[in-house]
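*Asks:* Provided below are the primary sequence and the corresponding predicted coordinates.
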Amino acid sequence: MINIEVCYSPELIHLYELEGKIVVVTDILRATSSMVAGLGSGVKSIVPVMEVAECDEYGKQGFLTAGERNGIKVPHFNFGNSPFDFMLPENIGKSIAMTTTNGTRAINKSKAAKQVIIGSFLNLNATSAFLKEVSEDIVIFCAGWKGRFSMEDTLFAGALADSLKENANIACDAAIGAITLFKSHEKDLLNFVMQSNHAKRLGKLDVKKDIEFCMEQNKFNVVPILNDNFLSV
């Protein structure tokens, strides 16, 4: 029976043994949702990097550049962190270099794992089906907000763990807590998330439609997988 753990923050990931496990990175608002939306809409690949300067180097090689700091688009990038930007028809077949405040940092902190995949509500069922098929121990890694706990990532962790629990051992209290939070609010996830600090931060940037979209479930039947620093499906 596989084990499922949940890590609430990049500041805690050093406490988890990743080697030999599958890490599911999630940053619901908005990095991993945008990655799923882009790759599910025909983007060829996404390279997640830590720093703006790294994105700029990829840009010199012909990559589109995308990302934000504190929710705000990096001024000289092609676009920011909205899933709607990633779904533009002109991005089909293109590669994107992406850097964000939280999500790309979490991905880069996961590289000791056997495999790193990207999860969001947008591909919840696809992610669950993939994990059932490979049958490996799992760490669901919440990107959080600048090292802190985030409501929306934890809700996704709970939803994913809940979908797997019949054939898995819920191996830590963080996973139990995430499932409990999700089950308490599963009938009204959007309104609950709108109360979160990150949703309120983004609300000041007039991106309510992004939040609403990121909380939709199962719009894409893809699972982005990290290979040689590139995410693809």
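*Replies:* Yep, that arrived.
*Asks:* Could you use CA atoms for every contact and neighbour count after this?
*Replies:* Fine.
*Asks:* which residues touch the lowest-mean-pLDDT helix or strand in the chain?
*Replies:* Using mean pLDDT, DSSP states H and E, the weakest-scoring helix or strand in the chain turns out to be helix 197-203, at a mean of 74. Residues from elsewhere that reach helix 197-203, judged by Cα atoms under 8 Å, 6 or more residues apart in numbering: 29, 71, 145, 150, 193, 194, 208, 211.
*Asks:* Downstream of it, the next helix or strand is which one?
*Replies:* Sequence order places helix 208-214 as the next helix or strand after helix 197-203, per DSSP states H and E.
*Asks:* I'd like the mean pLDDT over that next one, please.
*Replies:* Across helix 208-214, the average pLDDT comes to 94.
*Asks:* Please name every helix or strand in contact with that helix.
*Replies:* helix 83-86 (3 or more Cα pairs under 8 Å, 6 or more residues apart in numbering; DSSP states H and E).
*Asks:* chain center to the helix or strand harbouring residue 5: distance?
*Replies:* Using DSSP H and E, residue 5 sits within strand 2-7. On the basis of Cα atoms, centre = their mean, to the nearest Å, strand 2-7 sits 16 Å off its chain's mean C-alpha point.
*Asks:* dump the residue contacts of the residue sitting furthest away from the middle of the chain.
*Replies:* Distance from the centre of the chain peaks at residue 60, with 26.1 Å (Cα atoms, centre = their mean). The contact partners of residue 60, by Cα under 8 Å, 6+ apart, come to none.
*Asks:* Next one: it from residue 77, what distance?
*Replies:* Distance of residue 60 to residue 77, computed by Cα to Cα, to the nearest Å: 12 Å.
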